[in-house]
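sharing a model that was predicted from the sequence below.
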Amino acid sequence: MYFFEMHEGDDELFSDVLLASDELWAAEDFFDVVQAVRRRVQESHEMDTLIEAIAIELEREYGFVFVSDERLQAAVNVSPVDEENFLVDVDDAGDETDYRAVFAEYAGEEERTN
């Protein structure tokens, strides 16, 4: 399984999507197919972001798997502090805020050795 990522946004707002494929694509070939799909859908898509629209088309036409929030089965908040570790509710569709992300705190080398 190979993974590919697309980013969209500026300094203020940033989005990304993850795609998976059983086939290894050269980076240049992946870029070329993304650009071809982008040109075709950029003026007519109905998704929240352009990269979501491209991801759906890549899944439909090229066999990629768009790793979207709708496919998320479990999310866990991970922290070195026991009380901050918990299972995140991914089924809360009524909430406007998207909490379906996993955050992991990383203790640097100095912190781990002390």
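Yep, that arrived. Numbering: from 1, shown residues only.

and the nearest residue to Glu84 once chain neighbours are set aside, what helix or strand is that in?
Nearest non-adjacent residue to Glu84, counting by CB to CB, 6 or more residues apart in numbering: Asn77, 6.6 Å away. To be clear about C-beta, it is placed using only N, CA and C from the backbone, and glycine gets the same treatment. Using DSSP states H and E, the element containing Asn77 is strand 75-77.

where does Phe86 fall, phi/psi-wise?
Dihedral pair for Phe86: phi -160, psi 160, per degrees, to the nearest 10.

tell me the contacts of it?
Going by CB atoms under 8 Å, 6 or more residues apart in numbering, Phe86 touches Val76, Asn77.

got it, and Met1?
Met1 touches Ala20, Ser21, Asp22, counting by CB under 8 Å, 6+ apart.

Phe3 now?
Leu18, Leu19, Ala20, Ser21.

what's around Phe30, how many residues?
Phe30 is flanked by 20 other residues according to other CB atoms under 10 Å.

so it: helix, strand or coil?
helix (DSSP: H, G, I helix; E, B strand; the rest coil).

and the nearest residue to it once chain neighbours are set aside, how many neighbours?
Setting aside the residues directly before and after it, Phe30 is nearest to Phe4 in space (CB to CB, 6+ apart), at 5.7 Å. Neighbours of Phe4 under the rule other CB under 10 Å: 18.

can I assume Phe4 is in contact with Leu24?
No. The criterion here is CB atoms under 8 Å, and Phe4 misses it with Leu24 at 10.1 Å.

can you pull up the most central residue in this protein?
Nearest to the geometric centre of the chain sits Val17, at 3.3 Å (CA atoms, centre = their mean).

doesn't it lie inside a strand?
Yes. Judged by three-state DSSP, Val17 forms part of a strand.

make sure it is actually in contact with Leu50.
No. Contact criterion CB under 8 Å: Val17 and Leu50 do not qualify, at 10.1 Å.
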